[in-house]
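Asker: no sequence on this one, just coordinates:
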């Protein structure tokens, strides 16, 4: 019995810091009725120096179109390993994309910025469709997109 | 009668400078005698200049505008149109879809759990 309790205490102690270092976040992008095919969206983060930190999601599965997500492509050189396991379908006009994920605590209030690049076939490319600093204060505040995204919100 | 003839000749003389250039601008088969006579300087098959699209829009787009800027892109655009399956994509592999492999270890995902996605 004592050994069980000891093990339980130990696993709890080891798990808690991990949980405390992440927070559940919901990213919501509402697309406008732009009257075209499904939009490719690249969601990625840059650090306080403007350097690429990593990708959060890729909407659109065909890598041959990634060059149209121009800023993301410039940062990654189109490396698909950056979005392995975090890639889904493109998002149609007028639809809503909701992503629930655990984000590292260190991303908030530390100068990190979330970007969304967008592209639609036979339509204009839209790098930095959304640019929003990751802050605890900014959570829940809708940000307007430039061309394809009506508004974007992250909630914690 | 003489007056009528004079008027006819005069009106013909005035209209010829207008009619002849218009006639010679009409495309005619090579070797046609009419072409040789009336269009010594206007020939659709010689000195043909390419049409240039003029636009003040300098933004880039998917498929339409990229190809006009670089030859390489033009080839890529053709590939985009012809290849809709993954087999054409030998050079650039598509990423693994969500759920099939773990997310990248880029330090952004706190617990390493894959994102849950919903499209409405």
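Answerer: Yep, that arrived. Keep in mind that what you see is a predicted model, and the values were worked out from it rather than measured.

Asker: Tell me which residue of chain B lies closest to chain A.
Answerer: For chain B, the nearest residue to chain A under the criterion C-beta to the nearest C-beta is residue B:110, separated by 2.1 Å. Backbone N, C-alpha and C define where each C-beta goes, glycine included.

Asker: number of nearby residues for the residue of chain A found nearest chain B?
Answerer: Taking C-beta to the nearest C-beta, chain B has its nearest neighbour within chain A at residue A:22, 2.1 Å off. If you count neighbours by other C-beta atoms under 10 Å in any protein chain shown, residue A:22 ends up with 20.

Asker: Surely it and residue B:110 touch.
Answerer: Yes - contact criterion C-beta atoms under 8 Å: residue A:22 and residue B:110 qualify, at 2.1 Å.

Asker: Common neighbours of the two, please.
Answerer: By C-beta atoms under 8 Å, 6 or more residues apart in numbering or on different chains, residue A:22 and residue B:110 have these common neighbours: A:102, A:103, A:104, A:105.

Asker: Among the residues you listed, which one lies nearest to residue B:99?
Answerer: Distance to residue B:99, by C-beta to C-beta, is smallest for residue A:102 among those, at 15.8 Å.

Asker: now the strands for chain A?
Answerer: Listed in chain order, the strands of chain A (DSSP state E) span A:22-31, A:40-46, A:52-59, A:87-88, A:96-104, A:113-119, A:125-133, A:143-144, A:149-155.

Asker: what about the last one, near chain B?
Answerer: No - contact check for strand A:149-155 against chain B, using C-beta under 8 Å from any C-beta of the partner chain: none in range, with a minimum separation of 12.6 Å.

Asker: That strand - contacts with which helices or strands?
Answerer: Secondary-structure packing of strand A:149-155 (3 or more C-beta pairs under 8 Å, 6 or more residues apart in numbering or on different chains; DSSP states H and E): strand A:22-31, strand A:113-119, strand A:125-133, strand A:143-144.

Asker: Return the backbone torsion pair for the residue of chain B closest to chain A.
Answerer: phi -60, psi -50 (degrees, to the nearest 10).

Asker: where does chain A dip in pLDDT?
Answerer: Residues of chain A meeting the criterion pLDDT under 70: A:1-20.

Asker: Just give the number of residues close to residue B:13.
Answerer: Other residues near residue B:13 number 9, with proximity taken as other C-beta under 10 Å.

Asker: and it, what pLDDT?
Answerer: If you check residue B:13, the pLDDT there is 71.
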